[in-house]
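Chemist: Got a sequence here, can you build the structure:
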Amino acid sequence: APVIRAPSAPEIGVASICRYVMAFSSSFEVMKLIEAQQQTLFQLLLHAVGSQMKREEVGMSDDNPYGFAPADDQPIRYLQRIRDYYVTLGYGKPYEWGHYADAPFSPLKKPLQESRVTLVTTAAPYNPEAGDQGPWSAYNSKAKFYEVYSGASNEDHDLRISHIGIDRKHTSQEDPGVWFPLPMLRRMAEEGRIGEVAPRFHGAPTNRSHRVTIEVDAQEIVRRTQEDKADVAVLAAN
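Modeler: Purely as a prediction, here's the structure:
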């Protein structure tokens, strides 16, 4: 049987597909090849037709033959926006995001099924005097907390995230399991997927001070975690 090279996606077009199929349709061997490649050819055909139909939709023109998106069609540069925002607040210099090029690798000392697991969250305990903190609530700085707190892991807690700067247009704040998966950890312990849940969980403040976070809050959380003899800490970032 002859070896037939199917057109590749960049060179494919409606006319070339038709010529490709018609030129070799009389060959039984090629027909079998076409049948085997039916799905691929169908996808290529859709690609060619769809590309032609969407030419105007994506802004293709003589000046923009490849249909590139406009220069301003890009992810929101929220880091730059926050830097600019801090300058307008009078802080004198843009906010600097702290990050590390690497992180220390700490292997488990025992299997996860035998490990004691604790939870660290940035969610805040509900404060009825701090205003709206429910689903679809606006940003609420009054609900913020500024010191590490802990709670009993064998109890249920009402924690909210109205004090966190999140996308409130697409985030309803209706499922506390997203920011406080303590009930899930308890179920995992019952199922034997983890050894046990540590006696306490811990709340990490969302202060914007690198020094306070590293030298005060993180140190206190580590101390409490070690005090509870936890083997693993799950950080639920919000």
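Chemist: hey, let's count contacts and neighbours off CA atoms from now on
Modeler: OK.
Chemist: tell me the helices in this structure, going along the chain?
Modeler: 14-24, 28-36, 38-53, 78-88, 182-190, 210-212, 218-227 (DSSP state H).
Chemist: ranking those helices by mean pLDDT, which is last?
Modeler: With a mean of 44, helix 14-24 has the lowest mean pLDDT of the helices of the chain.
Chemist: For this protein, give me the ranges with low pLDDT.
Modeler: Under the criterion pLDDT under 70, the flagged ranges of the chain are 1-60.
Chemist: Recalculate using a threshold of 90.
Modeler: Applying pLDDT under 90 to the predicted model, the residue ranges of the chain that meet it are 1-107, 136, 138-139, 141, 164-174, 178, 206-210, 236-238.
Chemist: Now do the strands in it.
Modeler: Taking DSSP state E to define them, one finds strands in the chain at 116-121, 124-125, 149-152, 159-160, 196-197, 200-203, 232-236.
Chemist: What strands flank the longest one, and is each parallel or antiparallel?
Modeler: With DSSP bridges as the criterion, the sheet partners recorded for strand 116-121 are strand 196-197 (parallel), strand 200-203 (parallel), strand 232-236 (parallel).
Chemist: Let's have those strands in a markdown table, adding distance to residue 155 and mean neighbour count.
Modeler: Converted to a markdown table, these look like this (distance: least, Cα to Cα, whole Å; neighbours: other Cα atoms under 10 Å):
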| stretch | distance to residue 155 | mean neighbour count |
| --- | --- | --- |
| strand 196-197 | 12 | 23 |
| strand 200-203 | 10 | 24 |
| strand 232-236 | 18 | 16 |
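Chemist: Which one of these lies nearest to residue 126?
Modeler: Each of the strands paired with strand 116-121 has some distance to residue 126 by Cα to Cα; the shortest is strand 200-203, at 12.5 Å.
Chemist: Off-centre distance for the closest one?
Modeler: Taking the mean of its C-alpha atoms, strand 200-203 sits 23 Å from the chain's own mean (Cα atoms, centre = their mean, to the nearest Å).
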